[in-house]
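> coords below, sequence missing:
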């Protein structure tokens, strides 16, 4: 399985988990001029912007460590645009 296939598989797992916990998935792989976000979900009155990260192990830190400051800014810009 290549990186794109692995990412897609884990995005599907994340979307399934969110659905099981009451979230409604509104967008998958949303792209605009500001960037890209893996999932956009609704939790009652809130929109939730989800960046999915997969790690084989924690040698380089957990999934949160994989979301750089630059990626956080991109997510914020995409959320503002959306």
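Sure, I can see it. Remember, predicted model here, so these are calculated numbers, not experimental data.

> Residue 80: neighbour count?
Neighbourhood size, residue 80 [other CB atoms under 10 Å]: 8. All C-beta atoms are positioned from the backbone trio N, CA, C, and that covers glycine.

> Thought residue 34 was touching it, still the case?
Yes. Counting by CB atoms under 8 Å, residue 80 touches residue 34, with 7.5 Å between them.

> In three-state terms, label the residue lying farthest from the centre of the chain for me.
Here the chain reaches farthest from its C-alpha mean at residue 59, the gap being 21.4 Å by CA atoms, centre = their mean. Per DSSP: H, G, I helix; E, B strand; the rest coil, the local secondary structure of residue 59 is coil.

> Model confidence at it, what's the number?
Note on residue 59: pLDDT of 77.

> Just read off the phi/psi values of the residue minimising distance to the centre of the chain.
Residue closest to the average C-alpha location in the chain (CA atoms, centre = their mean): residue 51, at 2.2 Å. Dihedral pair for residue 51: phi -110, psi 120, per degrees, to the nearest 10.

> wait, what's in contact with the residue farthest from the centre of the chain?
By CB atoms under 8 Å, 6 or more residues apart in numbering, residue 59 lies in contact with nothing.

> and residue 8, how many neighbours?
16.

> Next: residue 41.
With other CB under 10 Å as criterion, residue 41 counts 21.

> Leaving out sequence neighbours, find the closest residue to it.
Spatially, and ignoring its direct neighbours in sequence, residue 41 is nearest to residue 23 (4.1 Å; CB to CB, 6 or more residues apart in numbering).
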